[in-house]
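> The amino acid sequence is not available; the structure is as follows:
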Ligand SMILES: [Fe+2]
């Protein structure tokens with residue numbers, strides 16, 4: 001297999017994308033590919049579609065579903081839709097209003113579509129007036145997949161004042177979590193706690209995040225640690 005994709009469990013692969021600026025902070029990007037039991041591919045939070053990545057993906061099976069986990073993860077969806085015109089495009093809540101140029105087949109919510117319900121579970125992590133994320137769980141690899149709700153940057157990723165702010169914001173190991181400014185927007189914590197309870201009930205072993213270090217074992221411990229802010233008060 002090409003170096004563009006790394007295996008992260010049975011029928012699960014990850015690809016590292018370019019580093020993109022987010023409010024002047026350099027954010028590495030990562031996407032996931034899941035092969036569904038029928039053989040087709042579920043593409044989570046696609047990154048830039050290079051020729052190497054495209055040939056690695058095509059070698060795994062036909063691309064059927066292209067998924068945005070939250071409304072700020074959408075940068076490369078257009079180029080994937082152009083490359084795979086027969087795939088279905090799934091918006092996160094709020095994204096259709098933001099990307100009127102894209103043609104979405106559905107908006108995701110708390111219930112996995114029949115097309116992947118046998119392989120992947122999902123939770124709509126609501127309760128913030130700013131941003132709602134869809135969190136996924138790949139049963140076969142026991143992997144929970146988070147975009148921005150959990151960030152696990154290595155100690156030395158951000159330099160200087162950015163490092164200070166990132167550590168204060170609670171997104172740098174060994175203190176992973178939801179960025180501090182986003183935490184403040186959760187005005188309906190009961191709803192968010194119910195979503196978290198459903199995620200913990202999956203008992204994930206692995207945790208994939210879009211930004212930061214991956215977790216290979218005891219995923220529930222990392223998830224609990226990342227949401228301490230939510231359980232307080
Ligand atoms: Fe992100």
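Sure thing, it's come through. Note that the structure is predicted; figures quoted are calculated from it, not measured.

> distance of the residue nearest to the spatial centre of the chain from residue 177?
With distances taken as Cα atoms, centre = their mean, residue 147 lies nearest the centre of the chain, 2.8 Å away. Look at residue 147 and residue 177: by Cβ to Cβ, to the nearest Å, they are 14 Å apart. Using the backbone N, CA and C atoms, a C-beta is placed for each residue, glycine as well.

> Same question for residue 205.
20 Å.

> okay, the two: which has more neighbours?
Higher neighbour count among residue 205 and residue 177: residue 177, with 22 against 16, using other Cβ atoms under 10 Å.

> hey, what's the more buried one bridged with?
residue 151 (DSSP bridges).

> dump the residue contacts of residue 143.
Each residue near residue 143 by Cβ atoms under 8 Å, 6 or more residues apart in numbering is listed here: 8-9, 12, 137, 204-208, 219.

> 6 Å - rerun?
The contact partners of residue 143, by Cβ atoms under 6 Å, 6 or more residues apart in numbering, come to 9, 206, 208.

> residues in contact with the helix or strand of the chain with the lowest mean pLDDT?
Of all helical and strand segments in the chain, the minimum by mean pLDDT, DSSP states H and E falls on strand 20-22, at a mean of 90. If you take Cβ under 6 Å, 6+ apart as the criterion, strand 20-22 is touched by 27, 29.

> The very next helix or strand once past that strand: partners in the sheet, and parallel or antiparallel?
Downstream of strand 20-22, the next assigned helix or strand under DSSP states H and E is strand 25-27. Strand 25-27 pairs in its sheet with strand 20-22 (antiparallel), by DSSP bridges.

> how distant is the partner strand from the center of its chain?
16 Å (Cα atoms, centre = their mean, to the nearest Å).

> circling back to that earlier point, what sits closest to the residue nearest to the centre of the chain if chain neighbours are left out?
residue 69 (3.9 Å; Cβ to Cβ, 6 or more residues apart in numbering).
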